[in-house]
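Undergrad: Just to be clear, the model below is a prediction. Sequence and coordinates:
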Amino acid sequence: MALYLLKRILLFIPSLLGLSLIFFFLSTISPGDPVLNRLESSIIGEGAASSMEEIEQLKALRIQLGLNKPLFYFKVHRKTLSDTAYKIPSKQLRENLNDLSYQLGSWELVNEYYKHWKQSTKKADLSSKELVFLNELIQISSVKLLKEKVRGNQSDRFSNLEKKILAFEAKEWSLENYLPRFHWNGLNNQYHQWIFGLFRGDLGKSYIDSSPVNIKVSTALKTTTLLSLISILLAFLIGIPLAIYAANQTNSLVEKFISTLLYCFYALPTFWVATLLIIALGGGDYLSWFPSYGLGDTSDSDSIWEAIQIKTSHLVLPIFCLTYGSIAIVYKQLKNALNKELQSEYVLTAKAKGLSKQTVLVRHAFKNAAFPLVTLAGRAFPAIVSGSFIVEFIFSINGIGKLTLDSFLARDFPVIFAIVMLASFMTLLGVLLADIIYQLLDPRINLQKSH
Amino acid sequence: MSKRRKFNGLWWSKKFFIAWVLVALLAPILANKKAIIVQDESGILFFPRVISAESKVLLSAPVPYDASTLDLDNSNAVGPFEKQQINSIYYRHWLGTDGLGRDVLANLIHGSKTALFVGFGAMGIAAIIGVFLGSIAAYYGDHKITFSRSRLILLIILLIVFLTIQFYAIPWDIGSVDLGLKLGLFVSITSLFLLMLFLINYFMTKLEINNNVQQKSKGLKLPVDLIIGRIIEVMDALPLLFIIIALSAIFSPSIKSVIVIIGISSWAGIARYTRAETLKIKELEYIEGANALGFPAFKTIWSHILPNAISPVLVSLSFGIAAAILIEATLSFIGMGLSTEEASWGKLIAEARVNYGAWWLAIFPGLAIFFAVLSCNIFGDRYLKSTE
Amino acid sequence: MFGTQKLFELNNTYFRIAYLLSIFLFSCVPAEKKQNTNEPINIHASSDAATLNPVAARDELSFIISMQLYQTLTAIDFNTEVLVGVIATSAPKLSTDSLNNLLISYEIRPEASFDDGTSITAKDVAFSLKLNVCPLINNVGGANYYGFIKEIVYRESDPLKISFKCEKAGPIYPYFSGDFAILPSHIYDPQNSLAKFSYKALLENDSLQYNPEIIKYAQEFNAEKYASDPNFINGSGAYQLKAWNRNKNILIERKKEWWGEKLDNKNTFFITNAPSLNYEIINDQTTAMVALKSGKIDFLRSIPPKDYLALQKSASSINLRTTSINEFGYQSIGFNLNNPLLNELALRKSIAYLTPKKKIIDKIYYGQAIPTNVPLSPQRKDLIDSTLNEYEYNIEKSKQLLKEANWQDKDNNGVLEKMIGGKIVECKLTYHYNSGNKEREAVGLILKDELKKVGIELEVIGIEWSVYLQKLRAGEMQIFFNGTSSLPIPPDFKSSFHSASANGGRNYANYKNQVSDSLIEVIKTSMDPEVRKTAIKAFQNQLNQDLPYVFLLTTKEQIAYSSKLNEVPTYSVRPNFWPPELSWK
């Protein structure tokens, strides 16, 4: 058993590492730039910044956020691509320069051109015409157009830069463009910093506001855990007795009613129910029975009873939305299992012995029928996070789901990574625990073999 | 009594399902701003792009609105029973309008198309991936595929060369290079690689036969089941909506993207089902017989294993369609996924959140989703019972 | 009760618990509390503050709250819209020295002090300005913003006087030079680390970012405690941070003792009516509205026009008051001039003639907006040229313009074509807006309908905010919606319309015109209001001819608040109200 457990836990590692790589990869190819996002949210936009000044701002921000480092341990790329391209602050610039180096069949030439260009922009007393010239120059991604632009320029202050450009020769085809080059970035890369931070328990800083991710995620996690625990508990507390009752009273009118009702519940979209509830009961134009957002603030002056009251009244609607679907699942699974058990021999024997159906159900059949519930509980976490996501969105509850959505929209990758790793780890753990409990409940199951 | 009731449920869901498919497929005829058949001097035109003043309209749609037609005279969410600013009863908004005067009925009709396409499209993709991976994992297990060492080394070298060329030599990132050239390079390199693979395999086999090498006993085992099992585990470990939100950040919003996104993120269940079923069937005698006779693996999987494994897959498919419809609606509700002018039931409900007096924006699309999901679930349950 | 009796026969404890729980849950309806004048006033905020470190504060809520926790030298009075002194006695005095440098001189109020009783001196002012330009410190764009100041001049013997020396003159410099928060240098920098570096070095010497002392100090100053910990937030403002629950609420409270109270002559920034303010963060507008109606929040702004009008009707019956005020700023539809189709003036003009401003204002903004056709707020009547072409909706003119420019529908498919560079090009365009913004979406859909009438096909595309920003800068859009908010200071068009800001900067239309460029330079640098006025009018005319944007309208800010509050004065300047002025009846 211990060996088996060790094996299972060791197998977590490739799964989690794979996941971290997938999400890291996704983060690099998804459109949108977190740095730009942050710069734009600044309300002092009218500060008379020209494009080049803004590039400097972007650079400063990238350094602050650690985004000026290479992405991964190594990079394999086209031989004609600069291996320091990641240092160029704007994505668009990077792409233009890549284009140029592809046409020239050499990145060294382009690198020099870029260096000269940068020096030229730092010259004192540039007239606005000269600034415009430099600005337009760097936007050009074709060697031909670049040369034309230089020839059309009257100012002679950038003779060095212009010489460089005029010496460019575009090649129709160059072998170098089709050869790979391997570049080792060392340990000072973004992925390494992040994954080792994870082991040390330091999840880094949010791109949005530079606040520690640890705090952000743990606060949100507390809220979601509260919600999910209550709703899982309620689903079981309500689903199990209903299922036992239904198995006991098969085909009675009440059972029919419960079954149909729960079946319909399962098909009701959560966001629809939540929207209707908030409009109808949340104090909008109709009834005002429950508060419509948040989980309620309790101050120190409130008595415990008051605090509980405030919390509960806030919890009712979200918990209802989270729970009604799960009740149906618990109910259906258990009822089916119970009905199967009731047909088995030992139940028939027990019945023949004169035990009442109810006793047999609760004492014997339930024990065996409870297995699917264990699996269900093990897999409940991801389901609840998915579910709570929409509920948190509608009820403005600051849990994991809402944090995930907000972070995705703002491309706040450190937060997203943290949540993804946490959620997947907990799910893997949940499944493992379910398997272990399975075996403890029923020694006949041999995990080593069945897996 | 009880039997008749259950039967009724299935009967009603069949009826609903047929109606839904019909409405979805006929959506452009049912709700369209433009006339459908027009006669002008050149003859009879179907779905004309431009209607000149002289032409005669022979048939127009029962609902004279597109999903995104703005009727600004009836904006600010006019209800079905309220007074509407319309020229004739033909232009009445029978189920009301939303905040910009878009017709709710037209949106319901075009939304049913979206739901249908997303449900079936996404599950089609998921089924292909899931069945493929699941059957392969079960059929080959951890021990069936073995490589001789030399073959493995050659394969790995070839793979590395192929991947580097594919990802770094083809100028995907260079805007000035024509897309056609990139794709041409991709196709030619891939076919070259496959040809090499085939040739190497052919000569190695010959070589091994000549040297009398017993390749089955020696060499390294490829743990197919273990690897695919890990992939399924990873997919299972992530809450589905995480993957979907992450992917929708990458794809540009459109119904096609939604189909692909849901498809590639929800195949894990189907793969698990197929794997379990295939494992059961694999043990049957006639499959072992086929193996002994040396039938090719894919043929065995295709013609013997899959037909038998298909019914449990169908069960998870019909539940999957229901789930896909829910996911699409949820995504549209939070404003992700679809493009601006594509209609969706979820979008209508999102409108209800902005116009909170407008019950018609919430009730009708909500019921549509509910019945669509319910009918798919009922089909799933029926299938489940029949397989048991 | 009889129904449940039967259920209990199951003898199942589960059932009992479930039953009790449900009774318990449904008996808990929140209790109404009595109004107490010391209670915090709950103000809605749509997103959380990023930081309360005033140097790093960039988003709106951070700014608003920083204005109450800290003080600046000067600020623009909301009511009179002129510069008034806060820590300084008055607006700065301007002079030029022998080398023709502009000197901006402030005099600090002798009463001004921090909470520990230390007086505010020129040393603190210099320290605070240095923070804003110091490398590695979280001061996004500070060096750009304050870069016009080249030197700080003050004498230890005269600690209440300080001047800033600028090489060039500019009408906005007096406004910018006094708008940073003053921090106590003896608390934030007890070791005097920054004093070792001159302002000029911090501003211009790039290599300082590798200086170990700067690295160490920046790390210390950027620390989370200075951004959110009530014990480490030290300002001279009237309010004090009490609690900050991220993404939930920020509570600030009036200080018991504050230097400003003793002042005789108080301007807006010394009013402290509110005993305590609680900024309640609710991201979702619908939820916020429900919260207002049920009394969970007392003050809500940025109400969508439609909800506002509905609220206005029922306001008195649900104990609410409503008010609205013209905002400072403008909304516009931009054309990317790098696009070959939109580069053609005739096409832009015909689109302008097809933009139904009146319909947009009536149907989308429900009348809560004023039309405009210049990049200026309508409040600045003296600067606006009233003789400009308004491009009033005129479909015939639009058709004529297109005809003259050779746009014709030859293949009769409903879309115009034209030969451009030897190829037949169809007139198909895209309109981008940030998804989730209902108004912008609606403007696009209305424009689409109108353009269809003359044969231009417009695709309306909503994209996520972060992608929208990226595409906007990279010039990957064709037609886009753009909103700008501004302040009542001398206008500066450099970042939005100068060719140096095109291609990657904030000149999203990529508008490049030499006449405009030189006018912009004059507007930015001339100290003579009359010269500026003439230039601004000439610039408007140039824009009106070139049409890089169709300037649409200026919105109104819609506000609603609990009638338990005294009447709240509202202003055009953002945030459109001054929180300390709120008070319970």
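TA: Structure received. Numbering: from 1, shown residues only, chains lettered A, B, ... in the order given.
Undergrad: Going by C-alpha atoms from here, please, whenever you check contacts or count neighbours.
TA: Fine.
Undergrad: Name the next helix or strand following the helix or strand containing B:Leu306 along the chain.
TA: Element membership of B:Leu306 [criterion: DSSP states H and E] is helix B:306-333. The helix or strand immediately downstream of helix B:306-333 is helix B:345-354, counting by DSSP H and E.
Undergrad: pLDDT below threshold where in chain C?
TA: Counting by pLDDT under 70, chain C has low-confidence residues at C:1-36.
Undergrad: Spell out the residue ranges of the strands in the stretch 151-300 of chain C.
TA: According to DSSP state E, counting those that start in this stretch, the stretch 151-300 of chain C carries its strands in the segments C:158-166, C:239-245, C:249-254, C:276-281, C:299-300.
Undergrad: Quick check: residues of chain C near chain B?
TA: Within chain C, the residues that sit near chain B (CA under 8 Å from any CA of the partner chain) are C:286, C:306, C:363-364, C:412-414, C:435-436, C:441-442, C:445-446, C:460-463.
Undergrad: Longest strand in chain C, please.
TA: Criterion DSSP state E: the longest strand present in chain C is strand C:549-562.
Undergrad: And the strands of the stretch 151-300 of chain C: which comes nearest B:Leu317?
TA: Nearest to B:Leu317, of all the strands of the stretch 151-300 of chain C, is strand C:276-281, at 42.0 Å by CA to CA.
Undergrad: Report the angle between the closest one and strand C:249-254.
TA: Angle, strand C:276-281 to strand C:249-254, by axes from the mean of the first three to the mean of the last three CA atoms, to 10 degrees: 170 degrees.
Undergrad: Show me the contact partners of strand C:276-281.
TA: With CA atoms under 8 Å, 6 or more residues apart in numbering or on different chains as the test, strand C:276-281 has contacts from C:38-48, C:247-254, C:297, C:579-580.
Undergrad: near chain A, which residues of the stretch 351-500 of chain C show up?
TA: Within reach of chain A by CA under 8 Å from any CA, the stretch 351-500 of chain C has these residues: C:464-470, C:474, C:486, C:492-495, C:499-500.
Undergrad: ok, which pair from the residues you listed is furthest apart?
TA: Farthest pair in those (CA to CA) is C:Glu464 and C:Asp492. Separation: 29.0 Å.
Undergrad: which SSE is residue 62 in?
TA: Since no chain was named, I'll use chain A. Using DSSP H and E, A:Arg62 maps to helix A:51-65.
Undergrad: my bad, chain C
TA: helix C:60-69.
Undergrad: Now find how far off-centre the helix or strand following that helix is within its chain.
TA: Following helix C:60-69 in sequence order, the next helix or strand is strand C:74-76 (DSSP H and E). Its chain's C-alpha centre and that of strand C:74-76 lie 16 Å apart, by CA atoms, centre = their mean, to the nearest Å.
Undergrad: on contacts alone, who are the packing partners of the helix or strand following strand C:74-76?
TA: Downstream of strand C:74-76, the first helix or strand assigned by DSSP H and E is strand C:83-85. Secondary structure elements in contact with strand C:83-85, counted by 3 or more CA pairs under 8 Å, 6 or more residues apart in numbering or on different chains; DSSP states H and E, are strand C:74-76.
Undergrad: And the residues of chain C next to chain B, which of them are buried?
TA: Neighbour-count burial (16 or more other CA atoms under 10 Å in any protein chain shown) applied to the residues of chain C next to chain B gives C:286, C:306, C:363-364, C:414, C:435, C:441-442, C:445-446, C:460-463.
Undergrad: ends of stretch B:47-62, how far apart?
TA: Using CA to CA, to the nearest Å, the end-to-end distance of stretch B:47-62 comes to 15 Å.
Undergrad: for the record, mean pLDDT for that stretch?
TA: Average pLDDT, stretch B:47-62: 76.
Undergrad: if we can go back for a sec, show residues contacting the helix holding A:Arg62.
TA: Contact with helix A:51-65 is made by A:35-36, A:39, A:68, A:88-90, A:121, A:135, A:205, A:207, A:210, C:136, C:138, C:140-141, C:144, C:500-506, as judged by CA under 8 Å, 6+ apart.
Undergrad: Buried by neighbour count: which residues of that helix qualify?
TA: For helix A:51-65, a neighbour-count test (16+ other CA under 10 Å) marks A:51-62, A:64-65 as buried.
Undergrad: ok, now stretch A:120-132?
TA: The neighbour-count check on stretch A:120-132 (16+ other CA under 10 Å) flags A:120-121, A:128, A:130-132 as buried.
Undergrad: Residues of the stretch 151-300 of chain B that sit close to chain A?
TA: Contact residues, the stretch 151-300 of chain B versus chain A (CA under 8 Å from any CA): B:164-165, B:167-170, B:173-176, B:230-231, B:233-234, B:237-242, B:245-247, B:249-250.
Undergrad: what does the stretch 201-350 of chain C give?
TA: For the stretch 201-350 of chain C, the residues in contact with chain A (CA under 8 Å from any CA) are C:224, C:246-248, C:282-284, C:287, C:289-291, C:293-294.
Undergrad: ok, 7 Å please
TA: Applying CA under 7 Å from any CA of the partner chain, we find that the stretch 201-350 of chain C lies next to chain A at C:224, C:247, C:282-284, C:287, C:290-291, C:293-294.
Undergrad: what's the helix or strand for C:Asp48?
TA: Assigning secondary structure by DSSP H and E places C:Asp48 outside every helix and strand.
Undergrad: That one and C:Ile250 touch, don't they?
TA: No. Judged on CA atoms under 7 Å, C:Asp48 makes no contact with C:Ile250 at a distance of 8.6 Å.
Undergrad: what about the residue of the stretch 151-300 of chain A found nearest chain B, how many neighbours?
TA: When scored by CA to the nearest CA, the stretch 151-300 of chain A has A:Tyr178 as its residue closest to chain B, at 4.4 Å. Per other CA atoms under 10 Å in any protein chain shown, the neighbour tally for A:Tyr178 reads 20.
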